[in-house]
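S.K.: 3D model of this:
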Amino acid sequence: MPKENRKRGKKHKKTQEPSQPSGDIIHGIQDSEHHDRPSWIVSAPEPEDAHPEAPFGYVDPNIKAYFRTVDDQIQTWQQQRPYEEEGQIADLDPNEARRIFLVAALTEMSGKEKQLVTDPDCSVILERMAYSMDDFVRRVLLDSLSGSYEALIKHRFASHVCQTLFTVSPDTVSRETKGIYPSVANSDDKGELRTLTRLILDICEELTPVFTSLAMDPFASHVLRALLLLLSPSSSTTSHKALSNMRSKKSSAWKARQGTMKSVFADSNSHYQVNSTRSVPREFRDAASRFVDILKSEFDDNEVRALAGNKVASPLLQLILEVEADLGGSSFPGSLMDRVLVGIITLCETNPDEPPEASDYLVTLLRDPTSSHLLETMVSRCPDPAFTILWTIYFRGKLTRLASHPVANFVVAKAAERLNSAQLKAALEELESSWTKLIGSARTGVLRALIDRACALRVHEKDVCQAVCNAFELFEPKDRSRLVPCVLVLKPLRECTGTTSAKHNSEDAHQRSKGDNMEDSKVQGALILQSLLRLNEPHCMIVTESITSLTTEDLISLSQNPISSRVIDVLFESETVPFKLKRAFVMSLIGHYHTLVDDRIGSRVGDRCWAFADPYLREKIARSLLAHEQFLAASYFGKYFARNINLYLLQRRPDEWRELQSRSKSNSGSITAIHPASSVTVQKPNPEDAEESHQSKASKKRRSRPEDEIDAVFNTNLGAKVKRIAVNVAGSSDKSIVQKSANQGLQDVLGAIRAAPSDDSGRGKRQRKS
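M.R.: Residues are numbered from 1 along each chain as shown. Below is the predicted model:
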């Protein structure tokens, strides 16, 4: 080798590296191994392991992009007000256009349901679409997921889709129970589509073998709650507490960020409120009973009690106890209720005279933030003999400590709802010296529960009123006039008086009084006052007298507060408050209604006062507002109150105004009698309101021009040419009264116009623009 081609360094011997066999060699080896097999046998490719987040595969990016546009369109429709369609085809119904759009999206979904429900983005879109699906589409979707529900309800995203489908299913099940089925178009698909009732029962059979393991799964537990609520929609399981357990706080907050979820075809929230009167097939009751039996057979006593402290399983156990009580099985020995109560029900059956010893397990449930909710369910649904033992052993003699405990006080308040007269009296005597401490720590739940129980039994009402006075240090009869201010801020008299005096000594007391009252009012205090107003007449006067003693400024501030204004609502709703006191409250605000209704909350209280007043009192209120007509017209909230009063008609034709108010009062009284508990006052529209609404759409020049008597007569008689925006209940009768009185005036005006000389012939006519 030439010298110039040599390289520096040591010479290394080449080591023979093990080489990978070539593909031909591998195939040759495989062929030699399977040379004895026939040539038509081909080995199947080894399946790839499914990803746990996508057990049924991933969604194609193009499909995902398409469903994003579907979601945007549905959100636009859900946030859109009714009859506000932009750019729609004139001959096409908006609901029909939306139906066609959803059918196209559902057609694209066919065959990809399992991939879509497990996708983090598309699962939310399917939840939103579920509220707009009809009965047939829901059956198709639930049927397409059959056989995979065990995996789906344990999935992070698919579990929420299953829960939403179970939530919107009760309406469909109720219609099927009544024999109402959707019409099915002819299709080439073979097979019979199961009804939704049959699908739910098949889902229950599919989940029965793994029910106990799913009960403690963090994603499957809430789906089982929704399924149990579908199977047993009784009045107890559909309570607010049971519905609040359907989702965790984290899940509820996440769903709230996704926007409103409702049907795009109807502005209805029926899916959010489960109606216990819906028709449920008998098979659903048997399916719910099987779930209860499975939990009793596969879990022993200690395992059932361990579920109470589990954050995932405890809400499900509460619902199962509710279902067991509705089925009538909680009063038997060995039931789930008996196991959680450590054999108290068995003891009541075998040896009712022997008092049991206190269990450390139940004492722990009282103070545990998670399991205390389960104990609330037990004290409210356990049999009466068992509750008597519970109250005697675990509550009586310990109320002072339990009522002030941050967790146990809720259990005590729930237990107070079942007390009899003797137990209620003993509880009031035991807590007599502790009320001031409870108010200082803002533990007002027990006090309010005892007031409500006394109101329900109509016993010891004087004792609960005295307990309220002692709690706020209102020992003297003259001090009771300060009851409402003290209870609203949850402060005793000495602290409330000191705060008030310091406030009045300041220079800007008048400007700060309203703001301070709004900030200081507590919801707990307003609830106590509402409970006191429902007591019988001699005892509810303690609140009404305190309200009457307030100054006009304080009364307006009370009515304009979003918290304390609820006390005024109950003042009008309570049947025990004397009529003359309600009337005195309405009359005390005469001369100040323009100030009251110049507020978002105050205008609502003003409408309630107006709905309560009789025609004579309404006229007094209306005439006191004549001097403030311009003020009300300039007020953002007061103009609606003024429109309801119709001051113009009162000034021009007072007799017709009185007749109109008499008829409106009689109609509103009949509606209030049908719905006495409604907090919304139904106001009857009148022809003048419709005309004013029509005039608001006119030109600015025409609106600024005052209306004279001639315009009023023409508008009254020719009002049929104006497009109405509301339907008047007594519209025909009221309209006939107005027309009958104005017909003669119209004839006189027309006669005067004909007799007038026509001296304007020389004027040029305005040319109409082509």
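S.K.: which parts of this protein are strands?
M.R.: Taking DSSP state E as the test, none of the chain falls into strands.
S.K.: by mean pLDDT, point me to the weakest helix or strand of it.
M.R.: Every helix and strand of the chain was ranked by mean pLDDT, DSSP states H and E. The lowest is helix 687-695, at a mean of 41.
S.K.: could you list the low-pLDDT ranges of the protein?
M.R.: 1-51, 81-94, 185-191, 235-247, 254-255, 259, 266-277, 498-519, 668-770 (pLDDT under 70).
S.K.: rerun that using 80 as the cut-off
M.R.: Where the chain drops to pLDDT under 80, the residues are 1-54, 78-95, 183-191, 234-262, 264-279, 352, 497-519, 665-770.
S.K.: so residue 412 makes contact with residue 446?
M.R.: Yes: between residue 412 and residue 446 there is a contact under CB atoms under 8 Å: 5.2 Å. C-betas here are computed from N, CA, C, even on glycine.
S.K.: overlap in contacts of those two?
M.R.: Counting by CB atoms under 8 Å, 6 or more residues apart in numbering, the common neighbours of residue 412 and residue 446 are 399, 403.
S.K.: how much space separates residue 453 from residue 595?
M.R.: Separation of residue 453 from residue 595 (CB to CB, to the nearest Å) stands at 40 Å.
S.K.: who's more crowded, these two?
M.R.: Neighbours per residue, other CB atoms under 10 Å: of residue 453 and residue 595, the larger number sits with residue 453, 23 against 19.
S.K.: mind listing what the more buried one touches?
M.R.: Residue 453 sits in contact with 416-417, 419, 424, where contact means CB under 8 Å, 6+ apart.
S.K.: farthest-separated two in those residues?
M.R.: Across the contacts of residue 453, the longest distance by CB to CB is 10.6 Å; it joins 417 and 424.
S.K.: compare the two (neighbour count), which wins?
M.R.: Between residue 417 and residue 424, counted using other CB under 10 Å, the more crowded position is residue 424 (19 against 13).
S.K.: picking up where we left off before, need the contacts of residue 453 in TSV with distance to residue 109, can you?
M.R.: As requested, those are arranged in TSV below (distance: CB to CB, whole Å):
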residue	distance to residue 109
416	52
417	48
419	55
424	58
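S.K.: can you tell me which of those is nearest residue 63?
M.R.: Closest to residue 63, out of all of the contacts of residue 453 and judged by CB to CB, is residue 417, at 53.0 Å.
S.K.: go ahead and confirm that closest one touches residue 448.
M.R.: No: under the criterion of CB under 8 Å, residue 417 makes no contact with residue 448, lying 10.9 Å away.
S.K.: do you know how far the nearest residue to residue 537 once chain neighbours are set aside is from residue 488?
M.R.: In space, residue 537 comes closest to residue 576 once its chain neighbours are excluded; the distance is 5.4 Å by CB to CB, 6 or more residues apart in numbering. Going from residue 576 to residue 488 by CB to CB gives 21 Å.
S.K.: what about those two, which has more around it?
M.R.: A direct count of neighbours by other CB under 10 Å for residue 576 and residue 488 places residue 488 higher, at 24 against 14.
S.K.: these two touch, right, residue 651 and residue 627?
M.R.: No: counting by CB under 8 Å, residue 651 stays clear of residue 627, with 11.9 Å between them.
S.K.: so for those two, which residue has more residues nearby?
M.R.: The neighbour count for residue 651 versus residue 627, taken as other CB under 10 Å, is higher for residue 651 (13 against 10).
S.K.: name all residues that make contact with that one.
M.R.: Residue 651 neighbours (CB under 8 Å, 6+ apart): residue 626.
S.K.: how about residue 128?
M.R.: By CB under 8 Å, 6+ apart, the contact list for residue 128 reads 71, 74-75, 78, 258, 261.
S.K.: got a ChimeraX select line for the buried ones in those residues?
M.R.: Here is the ChimeraX command that selects the buried residues among the contacts of residue 128 (16 or more other CB atoms under 10 Å):
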select :71,74,75,78,261
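S.K.: can I get the contacts of residue 128 in JSON lines with distance to residue 178?
M.R.: Formatted as JSON lines, these follow (distance: CB to CB, whole Å):
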{"residue": "71", "distance to residue 178": "34"}
{"residue": "74", "distance to residue 178": "29"}
{"residue": "75", "distance to residue 178": "33"}
{"residue": "78", "distance to residue 178": "29"}
{"residue": "258", "distance to residue 178": "33"}
{"residue": "261", "distance to residue 178": "27"}
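S.K.: next step: the contacts of residue 128 restricted to helices.
M.R.: Those of these mapping onto helices are 71, 74-75, 78, per DSSP state H.
S.K.: nearest to residue 482, of those residues?
M.R.: Using CB to CB, the ones in helices among the contacts of residue 128 come closest to residue 482 at residue 78, 49.0 Å.
S.K.: how close does the closest one get to residue 106?
M.R.: Distance from residue 78 to residue 106, by CB to CB: 17 Å.
S.K.: same thing with residue 558?
M.R.: Residue 558 is 54 Å from residue 106, by CB to CB.
S.K.: between the two, which is the more surrounded one?
M.R.: Shown here are residue 558 and residue 106; by other CB under 10 Å, residue 558 has more neighbours (22 against 16).
S.K.: residue contacts, the closest residue to that one other than its chain neighbours?
M.R.: By the measure of CB to CB, 6+ apart, the closest residue to residue 558 outside its immediate chain neighbours is residue 564, 4.9 Å from it. Contacts for residue 564 (CB under 8 Å, 6+ apart) come out as 488, 517, 521, 526, 558.
S.K.: and the third one, how many neighbours?
M.R.: Residue 521 is surrounded by 23 other residues when neighbours are defined as other CB under 10 Å.
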